[in-house]
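Trainee: The following block contains a protein sequence and its predicted model.
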Amino acid sequence: MKPVIAQHNNHYHGNLVDMPNKKLHVNANAFMPPYLALLEYLIDPLLIVASLFLIIYAYGVPLQNPHIILAVIAFFISCVIFEPSDVCRPWRYRGLWDRSRSLIVSWTLLVGIMLFLGYATKYSDEFSRRVMLTWFFTVPLVILLGNGLARLLVLKFFELETNTRSAVIAVANDASQRLAQSISGSPQMGMSLKGYFDDRSIDRLGALGSDQLLGRLEDMARYVSDNKIDVIYIALPMVKQDRIVNLLNGLRDTTASVYFVPDISFFDLIQARMGEINGIPVMSVCETPFFGLSGLLKRLFDIAFSGAALAVLSPLMLLLAIGVKSSSPGPILFRQRRYGLDGEDIVVYKFRSMTVCEDGDQVNQATRADKRITPFGAFLRRTSLDELPQFINVLQGRMSVVGPRPHAVAHNEIYRKLIKGYMVRHKVKPGITGWAQVNGLRGETETLEKMKLRIDYDLDYLRHWSMDLDVKIIMKTVLLVFKDRNAY
């Protein structure tokens, strides 16, 4: 996820993560043979259970009921929190480093859950520490090696197999050509793409070869019937309803499966996903990433992390409170209204670092050499220690450990009128640290361009959220605390 320069529509710019911007969440496994889809979902849980039994056998430990119970629990929890493996996809679809990082985060979370259950039920004493430690440290390697072997076997098998289904695409545009690239790079789909139908001449279709253009749209029905085509993809723009209806009417005399490929490249998508309401298909173009289980995992992580942080840092926070109180008159905690989830007002806590506590219709941002900042407050702000009380906000459910940094209500009301998409950042809870902050956008935003760039990063976080991204941001935050020159 290295930063790159990217342009997203006319209003979107900045150094953003190296990921596809237009990401639509759909069930990709629906286009695989059922046994391969099942393999992608179950291979990691099965490897976790198999490695446990092999380690028990290797150490000569008798297999007992607690081991079987542990295996069952680990299997079902991993089915929920682990992403489907990539054994049926080419390597270029996901780098080894990204896969490894996601695996380690998921496995660490699973280990944490199992340790909690073990201590809560007093079952932890039933297991050999040597077996458990070996299992905890070897599972990520076992999964990576097992995935690699399964990938080689799957791809080798399908390279030897003849494609079983043929397909054609109606119109050649960006959406259909991306689809064609995905089909050609996914041999497990068992599909052969024959070409395109388009009413435009070959000289207007850019890089499309003459052998790829099979005819006009009116010729498609006859070609499909004569050549026993199995699948048809229609990539006509959604505004072309009449042409779509005419094309579908012409295909009613065939037995081919028909899929509509919506061209969503002109939307600025935030967690887009397909769904249905009582059989009526719907597509979200702006939604929170913390949907269903993801929201539960995010909240459990917040509770565990903030609870541990408060327990460990409470002596330091007591000393800081004494330092704030003795260094200048005023309250220890600075309370200010901010926008929280869905734009609702919340009260955010910080150690007071200024001689004033502004929370009105006009709030002035802190600037370098700001006379309102106390000497002790300057130390707090430079080291980010003034933010520690916000772990209380996280436990309250008002904030998250990682998310877009909350701005004063007065600033929100100004910038929502100046920056397109500004309020979308409030589709998630604000965070103690965020993707913008670890990319150099911490501190004063003295120009509108700086604030736009911060919002770009916030929206990028919403698009690409994952637990391993949160962990990466936390790790980068710890490193930045000691060297960030933008903090004052």
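Mentor: Cool, got the structure.
Trainee: Show me where the stretch 201-350 of the chain dips below the pLDDT cut-off.
Mentor: 206-207, 238-239, 263-268, 276, 279 (pLDDT under 70).
Trainee: Would you map the strands across it?
Mentor: 213-215, 231-234, 257-260, 272-277, 280-284, 333-339, 345-351 (DSSP state E, counting those that start in this stretch).
Trainee: Tabulate those (CSV), appending mean neighbour count.
Mentor: All C-beta spots, glycine's among them, are computed from the backbone N, C-alpha and C. Putting those into CSV (neighbours: other Cβ atoms under 10 Å) gives the following:
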stretch, mean neighbour count
strand 213-215, 16
strand 231-234, 22
strand 257-260, 14
strand 272-277, 13
strand 280-284, 11
strand 333-339, 19
strand 345-351, 18
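Trainee: residues near N412, how many?
Mentor: Using other Cβ atoms under 10 Å, the number of residues around N412 comes to 19.
Trainee: Remind me which helix or strand it belongs to.
Mentor: Using DSSP states H and E, N412 sits within helix 409-415.
Trainee: go on, S51?
Mentor: Judged by DSSP H and E, S51 forms part of helix 34-58.
Trainee: Now that helix: buried residues?
Mentor: 36-37, 39-49, 51-52, 55-56 (16 or more other Cβ atoms under 10 Å).
Trainee: likewise stretch 166-184?
Mentor: So for stretch 166-184, counting by 16+ other Cβ under 10 Å, buried means 166-173, 175-180, 183.
Trainee: Listing partners with orientation, what would you give for the following helix or strand past the helix holding N412?
Mentor: Next in sequence after helix 409-415, counting helices and strands by DSSP H and E, comes strand 431-433. Here strand 431-433 has these sheet partners by DSSP bridges: strand 400-402 (parallel).
Trainee: Check what contacts the strand it pairs with and list those residues.
Mentor: 298, 301-302, 305-306, 391, 394, 428-435, 470, 473-474 (Cβ atoms under 8 Å, 6 or more residues apart in numbering).
Trainee: Please state the offset of it from the chain centre?
Mentor: Centroid separation for strand 400-402 versus its chain: 14 Å, with Cα atoms, centre = their mean, to the nearest Å.
Trainee: wouldn't V258 be in contact with L247 here?
Mentor: No. V258 is beyond contact range of L247, at 9.1 Å (criterion: Cβ atoms under 8 Å).
Trainee: next structured bit after the helix holding S51?
Mentor: helix 65-81.
Trainee: Buried residues, that following helix. List them.
Mentor: Those would be 67, 70-71, 74-75, 77-78, 81, for helix 65-81 by 16+ other Cβ under 10 Å.
Trainee: same question, stretch 306-317
Mentor: Buried, per 16+ other Cβ under 10 Å, within stretch 306-317: 306, 309-310, 317.
Trainee: what's the answer for stretch 243-254, then?
Mentor: 243-244, 247, 250-251, 254.
Trainee: Tell me the one of these nearest D203?
Mentor: Among these, R243 lies closest to D203 (Cβ to Cβ), at 21.4 Å.
Trainee: Nearest spatial neighbour of the closest one, chain-adjacent residues omitted?
Mentor: Counting by Cβ to Cβ, 6 or more residues apart in numbering, R243 lies nearest to L236, which is 5.8 Å off, once chain neighbours are set aside.
Trainee: quick revisit: give the other helices and strands that the helix holding S51 contacts.
Mentor: When contacts are defined as 3 or more Cβ pairs under 8 Å, 6 or more residues apart in numbering; DSSP states H and E, helix 34-58 packs onto helix 65-81, helix 129-160.
Trainee: Determine which of those helices shows the lowest mean per-residue pLDDT.
Mentor: Ranked by mean pLDDT, the helices and strands packed on helix 34-58 end with helix 129-160 at the bottom, a mean of 82.
Trainee: list the contacts for L109?
Mentor: Residues in contact with L109 (Cβ under 8 Å, 6+ apart) are 81, 297, 301, 467.
Trainee: H67 now?
Mentor: By Cβ under 8 Å, 6+ apart, the neighbours of H67 are 52-53, 56, 127.
Trainee: Quick check, D198 in contact with V171.
Mentor: Yes. Under the criterion of Cβ under 8 Å, D198 makes contact with V171 at 5.0 Å.
Trainee: and for those two, which residues touch both?
Mentor: L217.
Trainee: and L441, backbone torsions?
Mentor: L441 has phi and psi values of phi -110, psi 40 when expressed as degrees, to the nearest 10.
Trainee: One more: the one 5 residues further on?
Mentor: The main-chain torsion angles of E446 are listed as degrees, to the nearest 10 and equal phi -80, psi -10.
Trainee: picking that back up, closest to E387 out of the buried residues of stretch 166-184?
Mentor: Relative to E387, and with distances defined as Cβ to Cβ, the nearest of those is R178, at 42.0 Å.
Trainee: Please give the element, helix or strand, for that closest one.
Mentor: helix 174-184.
Trainee: for L109, same thing?
Mentor: Using DSSP H and E, L109 falls in helix 96-121.
Trainee: go on, L193?
Mentor: Going by DSSP H and E, L193 is part of strand 191-197.
Trainee: I'd like the average pLDDT over that strand.
Mentor: Mean predicted lDDT for strand 191-197 stands at 88.
Trainee: Show me what that strand is packed up against.
Mentor: By 3+ Cβ pairs under 8 Å, 6+ apart, strand 191-197 packs against strand 165-170, helix 174-184, strand 213-215.
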